[in-house]
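Enquirer: Generate coordinates for the sequence data below:
(chains A, B and C)
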Amino acid sequence: MLILEKNMLTEEIEKLAEQYGNSRASLMPILQAIQIKYNHISDHAQQEIARVLDIHPVEVYGVISFYAFLHAEPRGRNIVRLCKTICCEHAGKDLVEKAIEREIGVKFGETTKDEKFTLEFTSCLGMCDQGPAMMINNEIYTKLDPEKACEILSTIK
Amino acid sequence: MLTVENRPKRDGIILFSDYKAGSGIRRSVEMGRENVLFELRESKLKGRGGAGFSTATKWMLTAAASGEIKYIVCNADEGEPGTFKDKVLLTEYPDLVFDGMVVAGFTIGAKKGLVYLRGEYVYMLKSLERYLDRMRTYNLLGKNILGKEGFDFDIEIRLGAGAYVCGEETALIESLEGHRGEPRNRPPYPVNTGYMGCPTVVNNVETLASVPNILIKGGAWFAKHGTDKSTGSKLFSISGDCKKPGVYELPWGITIDEVLKIVEAENTKAVQVGGASGSCIPKKCFDRKLAYEDAATGGSIMIFNESRNMLNVLKNFMEFFVEESCGQCTPCRVGNVKLLEGIEMIENNEYTFRYINQLKDLCKTMQLASKCGLGQSSPNSFLSILENFKEEIFFKNGNGVYHG
Amino acid sequence: MDKKDKLRAPVSQQPLKVEKPADTNTIGGTISVQLNEKKVVVPFGTTILDACKENQIYIPTLCHHSDLCIAGNCRVCLVEVEGMRTLQTACSFPITSNIKIRTSTENVRKARRHVIDLLLSEHYGDCYACVRNNNCELQSLAKEYGVDSFTFGHIKEPKYEIDNSSPSVIRDMNKCVNCRRCVRTCIDLQEVGVLEAVGRGNETKITTFMDKPLADVICINCGQCINRCPTGALHANDPSDDIWRAIDDPTKHVVIQTAPSPRAAIAEEFGFPAGTSMTQELNTALRRIGFDKVFDTNFSADLTIMEEGTELLHRLKSKIVEKDDSVKLPQFTSCSPGWVKYIEHFYPDYLDHLSTAKSPQQMFGAVLKTFYAQEYWIDPKDIVTVAVMPCSAKKFECNRPEMNSSGFKDVDYGLTTRELAKMIREAGIHLPEMPKSGFDDPFGEASGAGLIFGATGGVMEAALRTAYELITGREVPFKDLKIEPCRGFEGVKKASVLLEGCKPDYSFLEGVELKFMVAHGTANAMTVMEMLKRGEIDDVHFIEIMGCPGGCIGGGGQPIPTSQEIRTKRAEAIYKEEEGLPIRKSHDNPHITYIYEKFFKEGPCSELSHKLLHTHYTKRGKYIV
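Expert: Numbers count the residues shown, from 1 in each chain, chains lettered A, B, ... in the order given. As a prediction, the model looks like this:
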């Protein structure tokens, strides 16, 4: 990372700490903000967050590793999370999964080379009456079929 | 006039009935906190998250706990597979939920409420924030609410980040404090030592949403509905093999059969009541009642028809628990893995009944020895599915063909 | 809010806020409970575990450690509380009502056995190939609960690579049982924050920031995690094979120095209670093992006092007489390598406060490869110096690149108390049966001042005995030379002595109240450093800091287990031994006088002593690359 980028990140984290407060309770909101903007929380970002909140970097890492929606390793710009819970499975998740894998060209758990997509499974999205469901970034898509899922993916930039 | 945008027409006896936003708060200010607690006690309202602890007791304990600062936390980390009622309440009835929080704040003397919204529901964040802003304009939040001197209360929404275990109240508090969402030892309970070490009420979305109507129509009216031990109504999230899945408000005590009729389910083989951590009920027991004293549930009803392979269902649940266990206590961290391995053994025909019985024994230990509700309830489906679908699982495979 | 209240490891349990009455005799101060068949009265808020201990009921524990906050995550200490749906952990359950407790019901026994079975199913490795064989809490539990087979299987392949990057601490996470004592030690007890639970569910493991090797993160090598690990997941980097090789090599002259703390604790490794000192038996044992010379680190501790004390006087003079603001006060001791690395990482801007004097171990190494080699006509390249230390950080210290002022590696190997006990056993020696013998010349005698270095406050006490006498010409005004304000286990101690009737050379100190502080454990060190940062202790002159709780006697290389009780006993043993010694002040040690006459002719803090006995530090900082 260039020094300039590092400084920008530091500034951003300091601004977030100002906004949410520099106590440990603001850790989650700050992590979420960084995750959304950079698709992951780099080790530099983690240490800067630890510094402004006055905790140990390893604690930040421990928290990130606990939550499924926070990542310490780089992810694609768009994270596709397909619900794998039983109702979605019974509603045809497997077909949607295979179709998405074919369409995007990587398996679930992987990121595309151009870093456009990361495919992941997720636990229940709370759309059991409208399955199969998937979440792309912050949006939820329901009542998928293989064709519809791929159509949705084709509209993502 | 404070209204909720795009509220669709739903029918129900309590939650899905007509409600004028803010009226519950107004009523609580008129009657005073002692009477609020009295009506709650009368209503016999129990926590809707699944554990069923008396809400009046919880509020009273928190009100009585020593400490200047107290908190109200709304548990909107609805992660139990097959549960989506809070989603409906938050998107269509935010007035009930937030009014309930303000009433709780008024009653126990809290100045701040926190909503822990699961990360998956981030899409509704903007509209909720907008609604809170409008409440502030109408002085239903902020300083001196409804002109009552010293009645200050505000609500902040915090997002989860994809961890089922954060639905457990102490894990939720840990998460709010910026820690790994690992449940705490109890005691101390949150009513004594909660968020930031202060007395804290953690209530499910639906519990809080029930409060305004209890105040307006009276605790006795509420208690008239449902059964003796399970008063009022319940939102059921119904999914799976039926024609009309969705969220229904039904009185407690309704039988499974009746529910299946309402949602037009056919050829039903099994009903999973209470989500992955609940138990699986076979056809012959469909006359059981949905109530705290019989088939208890946080609202999840999953319907499986004759074509479904119950071992697959069980495996899906156990995979869920292996992944979502927080990993701190031994019975849950390792126990769930052993149960999953056991299921794989059955799948591959590599099991012995001796070992399966040892696993069932282990299930009992997990129920008794795990630190929190996750590990205590994760063996439920293992026990109930292996017991109730013994023939299907052990004596023939899912397609009805006998082994060997 | 104080920083200490805010920081805590993830499983650290906030205690129940019970307002405990000051006097248990007042109404509500005690509470009666039914404990199995017995009705007992316990103080309000006591945990079930403590109540059971008081009443001779043994409850097994694993994640519980008396030095650490409660976690309640191993679930071994389960008991039944009547009326509660689930079993409760005795370690975390506070008694606040008249409950009925049963500690050995069928459910309890079965649950405990299941928990042990589950832990064993994940615990990779064989007991006989483990450094903790016979001293492993998991092994003992398995024995107690009659585990005769692996009910739920046993892991066949290791899951994790062993991290042996650090010269001090080796991590073998395949043996980890996730009790998180190390996490609570690292974050709560020591405030270093290197180890943490990472991941979720069955993937949870204890690791470092971004899974980096221990050598690349800000570990201070204190080894406190090793002392509290119930299994062999954390252990020290053992150099004994290399030492055996050196002993077996006839061309090598292998000398060993023993620090006071190992001598006060090594008997524990041979089944004796804590607080049994075996210095002279150890000397014989070491000679039988094959060490060519056996020296006493206390000699170089005396040397340290001369150098560090002189440095302090120089600093005082520059500050008071010359008004030189570049000279920093208070001066910190630099004997503890854990503390030195801590300040290098966490407070790099304050390194000027640290005494430049090397630790006794390193001073001895430098002296052995120069003065000793010269006196005894031995080529220093053939000398192998081994140091028996209570400490894992000493292993890192002797490998510091700057520690070669003699032209060679000053100290070749740092050996912990535990590893030495293993070598003694390996040589077929039963330590307690050894005849007594003394140390070898030319450093045969040492003062008691060097001996008490082992306990927290000891360096300060030794330094005061010498400094006060140098300044005033009189003994320190404390009965029997016991400077009580330095003793005891309070986290941060502060006291002062008034300097009166100073000798002409030190007239500038006349009437000065010499203020000193003592802290042990890096969490307390942090408290002191934060006070310094806020300018609250600018008037203090000298501060002793030891990296480990209790000082060296509680070091990361000492016998396992450790507890406050054990550390107190070890300290008592040291103080008791010291009282009986003929020489109790460093400057009275004839060998010290001799070495300053013969070798460091220009006295303490001269050019030669600076070259050999002093060092410099690195601004490491906290950033992990």
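
Enquirer: and after the lengthiest helix in chain A, which helix or strand comes next?
Expert: Identified as the longest helix of chain A according to DSSP state H is helix A:3-20. As assigned by DSSP states H and E, the chain's next helix or strand after helix A:3-20 is helix A:27-38.

Enquirer: got the angle between the next helix or strand after that following helix and helix A:3-20?
Expert: Following helix A:27-38 in sequence order, the next helix or strand is helix A:43-53 (DSSP H and E). Interaxial angle, helix A:43-53 versus helix A:3-20 (axes from the mean of the first three to the mean of the last three Cα atoms, to 10 degrees): 40 degrees.

Enquirer: can you give me the angle the following helix or strand past helix A:43-53 makes with helix A:27-38?
Expert: As assigned by DSSP H and E, the chain's next helix or strand after helix A:43-53 is helix A:57-66. Orientation of helix A:57-66 against helix A:27-38 (the same axes, to 10 degrees) gives an angle of 70 degrees.

Enquirer: Helix A:57-66 near chain C anywhere?
Expert: Yes. Contact between helix A:57-66 and chain C, assessed by Cβ under 8 Å from any Cβ of the partner chain, occurs at A:57, A:58, A:59, A:61, A:62, A:65, A:66. (Glycine included, C-beta is placed from N, CA and C.)

Enquirer: Turn these into CSV, including pLDDT.
Expert: Listed next are these as CSV, based on pLDDT from 0 to 100:
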residue, pLDDT
A:57, 96
A:58, 96
A:59, 95
A:61, 97
A:62, 96
A:65, 97
A:66, 97
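
Enquirer: among those, which are in reach of chain B?
Expert: Near chain B, taking Cβ under 8 Å from any Cβ as the test, the members of those found are A:62, A:66.

Enquirer: and the one residue in the stretch 151-300 of chain C that gets nearest to chain B, what are its phi and psi?
Expert: Of all residues in the stretch 151-300 of chain C, residue C:204 sits closest to chain B, at 3.2 Å by Cβ to the nearest Cβ. Backbone torsions of residue C:204, given as degrees, to the nearest 10, read phi -60, psi 130.

Enquirer: ok, now residue B:113?
Expert: Per degrees, to the nearest 10, the backbone of residue B:113 is at phi -120, psi 140.

Enquirer: On the pLDDT front, check it for me.
Expert: Looking at residue B:113, its pLDDT is 97.

Enquirer: ok, it to chain A distance?
Expert: Look at residue B:113 and chain A: by Cβ to the nearest Cβ, to the nearest Å, they are 15 Å apart.

Enquirer: Look at that residue and say how many residues are nearby.
Expert: For residue B:113, the neighbour count with other Cβ atoms under 10 Å in any protein chain shown is 24.

Enquirer: now swap in residue C:326 and tell me
Expert: Neighbours of residue C:326 under the rule other Cβ under 10 Å: 7.

Enquirer: Next one: it relative to residue C:319, how far apart?
Expert: Distance, residue C:326 to residue C:319, by Cβ to Cβ, to the nearest Å: 10 Å.

Enquirer: follow-up on the earlier one: if you count neighbours, what's buried in the longest helix of chain A?
Expert: The neighbour-count check on helix A:3-20 (16 or more other Cβ atoms under 10 Å in any protein chain shown) flags A:9, A:10, A:12, A:13, A:16, A:17, A:20 as buried.

Enquirer: Would you format those as JSON lines with distance to chain B and pLDDT included?
Expert: Shown next, in JSON lines, are the buried residues of helix A:3-20 (distance: Cβ to the nearest Cβ, whole Å; pLDDT from 0 to 100):
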{"residue": "A:9", "distance to chain B": "20", "pLDDT": "93"}
{"residue": "A:10", "distance to chain B": "20", "pLDDT": "94"}
{"residue": "A:12", "distance to chain B": "18", "pLDDT": "95"}
{"residue": "A:13", "distance to chain B": "14", "pLDDT": "96"}
{"residue": "A:16", "distance to chain B": "13", "pLDDT": "96"}
{"residue": "A:17", "distance to chain B": "12", "pLDDT": "95"}
{"residue": "A:20", "distance to chain B": "10", "pLDDT": "95"}
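
Enquirer: Please identify which of the residues you listed is nearest to residue C:519.
Expert: residue A:17 (30.3 Å; Cβ to Cβ).

Enquirer: who touches the residue nearest to that closest one when sequence neighbours are not counted in this structure?
Expert: Counting by Cβ to Cβ, 6 or more residues apart in numbering or on different chains, residue A:17 lies nearest to residue A:52, which is 4.3 Å off, once chain neighbours are set aside. Going by Cβ atoms under 8 Å, 6 or more residues apart in numbering or on different chains, residue A:52 touches A:13, A:14, A:17, A:22.
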